[in-house]
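[1] Sharing a model that was predicted from the sequence below.
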Amino acid sequence: MISSNKVQVRLLFFASIKDIVGARQIDVDIPTGTTVAKLLAMLEEKYPRIAGYRSILLTSVNEEYAKPETVIADGDEVAVFPPVSGGAVQSEFYRVTRDVIDARAVATQLQRPEAGAICIFEGIVRNNSKGKTTRYLEYEGYETMALAKMEEIGVFVRQAWEIDAVGIVHRLGRLEIGETSVAIIVTSAHRRASFDACEYAIDKLKKIVPIWKKEFFEDGEVWIEGQS
């Protein structure tokens with residue numbers, strides 16, 4: 001008998017996540033109202049190696065892709081897995097996330113033997129702005145449009161430079177000092193192409209991707225907005 005404050009769900013694991021957990025399927029009881037994000041956090045506590053995949057991890061509930069805020073109900077089947085390979089090495093990766101960004105994990109997904117260079121840019125939350133001490137930041141975005149614009153940037157750089165793969169990840173929500181807010185990953189046969197494509201991508205992202213930053217100081221807060 002499951003208590004009213006618990007629900008029973010079936011967890012399925014695939015590929016590298018299955019290897020970490022050591023099982024394809026587990027039936028567990030979790031607190032009522034648990035979201036996908038909370039479930040992943042619970043799994044990370046038990047299987048710490050999963051944390052290295054968090055920025056690229058995918059989930060589904062009852063065979064439908066699920067968002068982090070999706071609430072899991074009694075009897076649900078939840079699958080946890082890395083991106084589908086599609087029979088080839090992934091060449092593009094775009095994501096808006098509220099999880100910690102692991103740029104190296106994304107680079108590992110994009111890397112292939114032909115690429116002699118990987119350029120990784122990470123935008124880091126710093127502790128000051130215009131002479132004032134920053135406590136933390138909050139990012140808000142128009143997520144569907146942001147993803148579309150990220151893909152637009154990725155398609156352009158793949159056409160403009162001789163690169164193998166591109167990844168763009170931006171975080172939303174509250175970020176503490178020292179955390180990564182955005183990561184651009186570009187792989188190529190030679191370094192010059194990845195340097196140039198990476199620089200273009202972050203500059204263009206700042207101009208056209210609809211994500212806004214709010215800075216919090218000891219004496220107030222302010223939205224950082226550009227000019228039309």
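    That came in fine, so what should we check first?

[2] Name the surrounding residues that touch stretch 215-228.
    129, 132-138, 206-207, 212-214 (C-beta atoms under 8 Å, 6 or more residues apart in numbering). Just so you know, the C-beta spots here come from the backbone N, C-alpha and C atoms, and that holds for glycine as well.

[3] Show me which positions of it end up buried.
    residue 215 (16 or more other C-beta atoms under 10 Å).

[4] Repeat that for stretch 93-112.
    93-97, 99, 101-103, 105-107, 109-111.

[5] Quick one: end-to-end length of that stretch, please.
    14 Å (C-alpha to C-alpha, to the nearest Å).

[6] Now do that stretch: distance to the chain's middle.
    Its chain's C-alpha centre and that of stretch 93-112 lie 6 Å apart, by C-alpha atoms, centre = their mean, to the nearest Å.

[7] can you give me the strands in this structure?
    Applying DSSP state E to the chain gives strands spanning 6-13, 25-31, 58-61, 64-65, 77-81, 92-97, 117-124, 128-129, 132-141, 163-171, 173-176, 180-188, 211-217, 220-224.

[8] Adding mean pLDDT and distance to residue 199, write these out as CSV.
    Below are the strands of the chain laid out as CSV (pLDDT from 0 to 100; distance: least, C-beta to C-beta, whole Å):
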stretch, mean pLDDT, distance to residue 199
strand 6-13, 94, 38
strand 25-31, 95, 44
strand 58-61, 89, 29
strand 64-65, 84, 32
strand 77-81, 91, 33
strand 92-97, 90, 18
strand 117-124, 98, 8
strand 128-129, 92, 22
strand 132-141, 95, 21
strand 163-171, 95, 12
strand 173-176, 96, 23
strand 180-188, 97, 9
strand 211-217, 94, 19
strand 220-224, 85, 21
